[in-house]
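Colleague: have a look; sequence and predicted model below, questions after that.
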Amino acid sequence: MSAVERFAAPRSLEEALEILRAGEVTVLAGGTDLMPQSHSGKLPLARVLMSVRRVPELQGIAETEGTIRIGAATTIRELRASSLVRGRLPILWQACDRFASDQVRNAATIGGNVCNASPAGDTLVPLLVLDAQVVLVSKPDGAMQVRRLPIAEFFLGPGRTRRRPGELLAAIEVPAPPAGFVSEFYKFGTRPALDISAISIGFGAVRERGVLRAVRVALGAVAPTPIRAARAEAALEGAAPDEQALAAATAAALEAIHPIADVRASDWYRRELVRNMLPRVVRRACED
Amino acid sequence: MPARIDIEFTLNGVRTRASVPPAMSTLAMLREVLGLTGTKYACGEGECGACTILVDGRSVNSCLMFAAECDGREILTIEGLAATERGERLVRAFTDAGAVQCGFCTPGLVMQASALLAADPQPSEAEIRRAIEGNLCRCTGYRKIIDAIVAASSGPDPALAAAGEGQ
């Protein structure tokens, strides 16, 4: 039985934050994860179920002054259809293109994907590579407060984030990648569609006269949260993506991961995937 | 008294009101409250597509959508689609191609095919395959389902398709 007493559908950010401040609220965006999680009892719904899809401040994708702002309620379909995302953030576009199915992409939102904090969340690995920030808003005492966190600091564990009960994820902000930025997203599942990744890999770097700068390596489904592999990044920093650098980066990535064995893959298999696929992902990103 | 939410929306072209529990899915509302059983319940987790409906013209898994979210929206189910020209064309194409075996996935596939054809009247086979990724058929009749969607699209020319049949 559901304990939900009220369904709220605010039409402004102010209104949403007031409802959130009153407490005992479950935030609903696309519902594609919340529905199965609440039905299975994994995530019991609170007294108030608040849909945020009519909040205009959570919509839209726009670039201003070197930052691309993506409203939290933007659907995966909207991201996939966006020429701005495809042109400026191709690694995020790749993840959206391989996201679940058409039906799920039409409903699921980027904010929901981020707040669910699944270690296998498809958009999280690209957002780590892109140094995205989460924009959290609250209204604790009548005035709107905004808190920004690097996405790498946002995740605490499966389903757990640094979002406080009175806070709403309003947007994701991505610094526009510099000239020469190359990137690649790879996800492995047993079928192309609707599979939760056994692992995912994201790579990004600026190519400068044959060497890599500002290297980012992010890995999904190999630890309790999606992670950056800092030592793998260091192994590639200032290097050309040759055999030796890739071997060093792969060895460092394998040190950084703690995969589990579950229905999707064994821990051994996940390690083998990272070992075999990370060099390929880097090479693919660096193809001209 | 358990909480209920009063919602109003357009269902298959008709203004409809319903009073639903806050956590009820759209699928449960359609089948159990409104008596429209053409939309099927299979996995209940968005994996199979049997419950596909159109909301404001976009296909979604009705099992993953809260019924309360239907408020103010335009909902099309297989019952409503069947009464349209595109719906009739799809039903005929599925029948002619033998794309129906047990039939349980059919309403969802027809809805998804309809969404595809509305966006792109002449999809390639690759585009059709991608569009129906979210629909499972456990009789494994995908070949004939794809043939049916090709036939229901405005191309390729039916005469040319018939000529190529024997290959």
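Modeller: Alright, I've got the coordinates. Treat the numbers as computed from the prediction; the structure is a model and nothing was measured.

Colleague: who's in contact with A:Arg275?
Modeller: With contact taken as CB atoms under 8 Å, 6 or more residues apart in numbering or on different chains, A:Arg275 is in contact with A:250, A:254. Heads up, the C-betas are built off the backbone N, CA and C, glycines and all.

Colleague: mind checking pLDDT for whichever residue of the stretch 1-150 of chain A sits closest to chain B?
Modeller: When distances are taken as CB to the nearest CB, the stretch 1-150 of chain A reaches nearest to chain B at A:Ser101, 2.5 Å away. According to the predicted model, the pLDDT of A:Ser101 comes to 96.

Colleague: please apply the same query to the one 10 residues further on.
Modeller: The predicted structure scores A:Gly111 at 98 on the pLDDT scale.

Colleague: wait, it touches A:Thr161, no?
Modeller: No - counting by CB atoms under 8 Å, A:Thr161 is not a contact partner of A:Gly111; they are 11.3 Å apart.

Colleague: those two - which one has more neighbours?
Modeller: For A:Gly111 against A:Thr161, the residue with the higher neighbour count under other CB atoms under 10 Å in any protein chain shown is A:Gly111, and the figures read 26 against 21.

Colleague: is chain B within reach of the helix or strand hosting the more buried one?
Modeller: When elements are defined using DSSP states H and E, A:Gly111 is found to belong to helix A:110-116. No - using CB under 8 Å from any CB of the partner chain, we find that helix A:110-116 stays clear of chain B, coming within 11.2 Å at best.

Colleague: which residues are in contact with residue 11?
Modeller: As the question left the chain open, I've gone with chain A. Residues counted as contacts of A:Arg11 (CB under 8 Å, 6+ apart) are A:54-56.

Colleague: let's do chain B instead
Modeller: Counting by CB under 8 Å, 6+ apart, the residues that B:Leu11 touches are B:34, B:36, B:75, B:77, B:80.

Colleague: please report phi then psi for it.
Modeller: Phi and psi for B:Leu11, reported as degrees, to the nearest 10, are phi -120, psi 110.

Colleague: repeat that for A:Ala235.
Modeller: Phi and psi for A:Ala235, reported as degrees, to the nearest 10, are phi -70, psi -20.

Colleague: how about the contacts made by it?
Modeller: Applying CB under 8 Å, 6+ apart to A:Ala235 gives the contacts A:245, A:248-249, A:251-252.

Colleague: try B:Asp96
Modeller: When the contact criterion is CB under 8 Å, 6+ apart, the partners of B:Asp96 are B:148, B:151.

Colleague: what mean pLDDT does the strand or helix carrying it get?
Modeller: Assigned by DSSP H and E, B:Asp96 belongs to helix B:85-97. Per-region confidence: helix B:85-97 scores 96 on mean pLDDT.

Colleague: following element in sequence after that helix, please.
Modeller: Using DSSP H and E, the helix or strand that follows helix B:85-97 in sequence is helix B:106-119.

Colleague: list the helices and strands whichever helix or strand comes after that following helix packs on?
Modeller: For helix B:106-119, the succeeding helix or strand toward the C-terminus, using DSSP H and E, is helix B:125-131. The criterion is 3 or more CB pairs under 8 Å, 6 or more residues apart in numbering or on different chains; DSSP states H and E, and the helices and strands that helix B:125-131 contacts are helix B:106-119, helix B:142-152.

Colleague: so where is chain B shaky, pLDDT-wise?
Modeller: The model of chain B has pLDDT under 70 over residues B:1, B:155-167.

Colleague: end-to-end on stretch B:135-143?
Modeller: Start to finish, the residues bounding stretch B:135-143 are 13 Å apart (CA to CA, to the nearest Å).

Colleague: please identify the buried residues of it?
Modeller: Of the residues in stretch B:135-143, those buried by neighbour count under the rule 16 or more other CB atoms under 10 Å in any protein chain shown are B:135-137, B:141-142.

Colleague: what of stretch B:65-85?
Modeller: B:65-71, B:73, B:75-82.

Colleague: let me know the closest of those residues to chain A.
Modeller: When the buried residues of stretch B:65-85 are compared against chain A (criterion: CB to the nearest CB), the nearest one is B:Ala68, at 4.5 Å.

Colleague: contacting residues for that closest one?
Modeller: B:Ala68 makes contact with A:7, A:9, A:49, A:51, B:5, B:7, B:20, B:22, B:24 under the criterion CB under 8 Å, 6+ apart.

Colleague: restricted to strands, list the contacts of B:Leu11.
Modeller: Using DSSP state E, the members of the contacts of B:Leu11 that fall within strands are B:Ile75.

Colleague: of the contacts of B:Leu11, just say which sits nearest to A:Glu15.
Modeller: Among the contacts of B:Leu11, B:Ile75 lies closest to A:Glu15 (CB to CB), at 25.4 Å.

Colleague: follow-up on the earlier one: please list which of the buried residues of stretch B:135-143 are also close to chain A.
Modeller: Intersecting the buried residues of stretch B:135-143 with the contacts of chain A gives B:Asn135 (criterion: CB under 8 Å from any CB).

Colleague: and the buried residues of stretch B:135-143 as JSON lines, adding distance to A:Lys187?
Modeller: Below are those laid out as JSON lines (distance: CB to CB, whole Å):
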{"residue": "B:Asn135", "distance to A:Lys187": "21"}
{"residue": "B:Leu136", "distance to A:Lys187": "20"}
{"residue": "B:Cys137", "distance to A:Lys187": "24"}
{"residue": "B:Gly141", "distance to A:Lys187": "28"}
{"residue": "B:Tyr142", "distance to A:Lys187": "23"}
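
Colleague: pLDDT score for A:Asp262?
Modeller: At A:Asp262 the predicted local distance difference test score is 88.

Colleague: single out the most deeply packed of the helices and strands packed on helix B:125-131.
Modeller: Most buried of the helices and strands packed on helix B:125-131 by mean neighbour count (mean count of other CB atoms under 10 Å in any protein chain shown) is helix B:106-119; its value is a mean of 24.

Colleague: which helices and strands sit right next to it?
Modeller: The helices and strands touching helix B:106-119, judged by 3+ CB pairs under 8 Å, 6+ apart, are helix A:102-105, strand B:52-55, strand B:58-61, helix B:78-82, helix B:85-97, helix B:125-131, helix B:142-152.

Colleague: for chain B, what lies in contact range of chain A?
Modeller: Where proximity means CB under 8 Å from any CB, the interface of chain B facing chain A comprises B:2-3, B:5, B:21-23, B:25, B:44-47, B:49, B:52, B:55, B:58-61, B:63-66, B:68-69, B:71, B:112, B:115, B:130-131, B:133-135.

Colleague: hmm, try it at 7 Å
Modeller: Within chain B, the positions lying close to chain A (CB under 7 Å from any CB of the partner chain) are B:3, B:5, B:21-23, B:25, B:45-47, B:49, B:52, B:58-61, B:64-66, B:68-69, B:112, B:131, B:133-134.

Colleague: cross the residues you listed against helices and list the overlap.
Modeller: Helix and strand membership here follows DSSP state H; of the residues of chain B next to chain A, those in helices are B:112, B:131.

Colleague: cheers, nothing more for now.
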